[in-house]
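Undergrad: quick check, what structure comes out for this input:
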Amino acid sequence: DTLTILAGDLAVTAADDGIRGRDALIILGGSITVKAGGDGLTSDNDGDAERGSVTVAAGTLPITSADDAIQAHTNVHIIGGDFHLTAGNGSRAILPADRSAKGIKGGAGVVIDGGTFAINSADDAIHSNNAVAINAGGGRLPPEMMPSTPISRLK
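TA: Predicted structure coming up:
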């Protein structure tokens, strides 16, 4: 199932994942505030290599999550938007080894083509098991994150 958000004002508070599209999550715009006890935005179909993706084209997205702020089993593609991400209570938090609290996580890849970012995560700010491409955009990380939370892979 693909969940597409076209626009509008949306405020979500969830005990587990905030907004989930099993096969894909597509956000085209809007003001979307998420407070989640799991992942903030997620697509987690792990049964098909072509599914499990998150795409954000535009919008204002303040996301606070106990786990990953934005998580895709395959790819995260960010075209634009204004992102304020806090994952796992931020960079000063200490996580158990089995917990993931990344700002942006794409299992196969992360592509950032634009947007502005403020990321405060207890784990990596931007992470992929394969490739990360930052083609445009701006952002800031808290100073304490700079030495200990690198971009996992940059190709």
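
Undergrad: contacting residues for the residue nearest the centre of the chain?
TA: Closest to where the C-alpha atoms of the chain average out (C-alpha atoms, centre = their mean) is Ile70, at 1.9 Å. Shown in contact with Ile70 (C-beta atoms under 8 Å, 6 or more residues apart in numbering): 39-42, 54, 56, 63, 76, 85, 103-105. Every residue, glycine included, has its C-beta placed from N, CA and C.

Undergrad: again with Gly18
TA: 12, 34-36, 38-42, 63, 65.

Undergrad: where in this structure is the helix or strand with the lowest mean pLDDT?
TA: strand 138-140 (a mean of 58; mean pLDDT, DSSP states H and E).

Undergrad: ok so, going back, among the contacts of Gly18, which one lies nearest to Asp1?
TA: Among the contacts of Gly18, Thr42 lies closest to Asp1 (C-beta to C-beta), at 12.8 Å.

Undergrad: element containing that closest one?
TA: Using DSSP states H and E, Thr42 maps to strand 41-43.

Undergrad: other SSEs contacting that strand?
TA: Strand 41-43 sits against strand 19-20, strand 24-27, strand 53-56, strand 70-72, with contacts defined as 3 or more C-beta pairs under 8 Å, 6 or more residues apart in numbering; DSSP states H and E.

Undergrad: mind listing the strands it pairs with, and their directions?
TA: strand 19-20 (parallel), strand 70-72 (parallel) (DSSP bridges).

Undergrad: for that strand, which positions count as buried?
TA: 41-43 (16 or more other C-beta atoms under 10 Å).

Undergrad: before we move on, back to that, tell me the most buried of the helices and strands packed on strand 41-43?
TA: strand 70-72 (a mean of 30; mean count of other C-beta atoms under 10 Å).

Undergrad: okay, now the sheet partners of the following helix or strand past it, with direction.
TA: The helix or strand immediately downstream of strand 70-72 is strand 75-78, counting by DSSP H and E. Under the criterion DSSP bridges, strand 75-78 sits next to strand 53-56 (parallel), strand 109-112 (parallel) in its sheet.
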